[in-house]
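[1] Predicted model follows, preceded by the sequence.
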Amino acid sequence: MVCLVTGSSRGLGKAIALAFGRRGRRVVIHYNERKEEASIVAAQIKESIVLSADVRDYNQVRSLVDTVTEQWGGIDILVNNAGVTREALLLKTSEEEFDEVVDTNLKGPVNFMRAASPYMIKQNRGHIINISSIAGVSGKAGLSAYSASKAGLIGLTKSAARELGEHNVMVNAVLPGFMLTDMGARSNDRAKGAALADSLMKDFSDPRDVAEFICRLSGTRGISGQVFNLDSRLI
């Protein structure tokens, strides 16, 4: 089974890639700029390849997907994890910042889904898991671009699930919760405090737990078009 995890050189993507690797899966480690970190992750997995692409560039994404299918014959699981955030009030968010976030967090998954779906349709199986956020459901002050991109990803998930279901391809979204990965750790103290205050369990999410859930979800059948919230904040 071939698993492609975008943005898997660090953070949640790394945890997901390693979890798949522990299950004996073939894992594609994707990165954009962090080649050395990606190679370290790959070294911990028995069967893996390290490939680079800017998720915002469809031609680069298509080339990556073609390389995987040429080497391993197809893609069974695609996890769209790569993402960025920029903390700023809407009126202080520049056009360049907004475009960077939306192009990475929303256009990136679109590019990978467009490139990988034809192979999944041909083999009549596949599972696409999009990493969204509770911000895409409830919105977050100071994260307008990020919230918009993650809300769009939920809509994309549901629409793609309707389109691909007849081809035995499942599409689901996961809201992993607030994690102290590189992205979460860079958040200001107010954002971290708010996440804890809203949490019924008064704790942050653990990337390893999220990765284990994603691995289990990827192996299910008949579940598609769903949004899974993995922390104790109510939505």
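    In hand now; what should we look at?

[2] And the strands in the chain?
    2-5, 26-31, 48-52, 77-80, 126-131, 169-175, 227-229 (DSSP state E).

[3] okay, these in CSV with mean neighbour count next?
    Any C-beta I mention is one placed from the backbone N, CA and C, and that applies to glycine too. Shown next, in CSV, are the strands of the chain (neighbours: other CB atoms under 10 Å):
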stretch, mean neighbour count
strand 2-5, 27
strand 26-31, 26
strand 48-52, 18
strand 77-80, 29
strand 126-131, 25
strand 169-175, 24
strand 227-229, 17
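
[4] In CSV: these, plus mean pLDDT and distance to residue 114.
    Output for the strands of the chain, formatted as CSV (pLDDT from 0 to 100; distance: least, CB to CB, whole Å):
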stretch, mean pLDDT, distance to residue 114
strand 2-5, 98, 14
strand 26-31, 98, 16
strand 48-52, 98, 17
strand 77-80, 98, 11
strand 126-131, 98, 11
strand 169-175, 98, 13
strand 227-229, 97, 21
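
[5] Nearest to residue 145 among these would be which one?
    Closest to residue 145 of these is strand 126-131 (CB to CB; 16.4 Å).

[6] Name all residues that make contact with the spatially most central residue of the chain.
    Computing the C-alpha centroid of the chain and ranking residues by CA atoms, centre = their mean puts residue 81 first, at 1.8 Å. Contacts for residue 81 (CB atoms under 8 Å, 6 or more residues apart in numbering) come out as 5-8, 12-13, 16, 131.

[7] Name the nearest of those relative to residue 203.
    Out of those, the member with the shortest distance to residue 203 (by CB to CB) is residue 12, at 16.4 Å.

[8] so what's residue 206 closest to, chain neighbours aside?
    residue 179 (7.2 Å; CB to CB, 6 or more residues apart in numbering).
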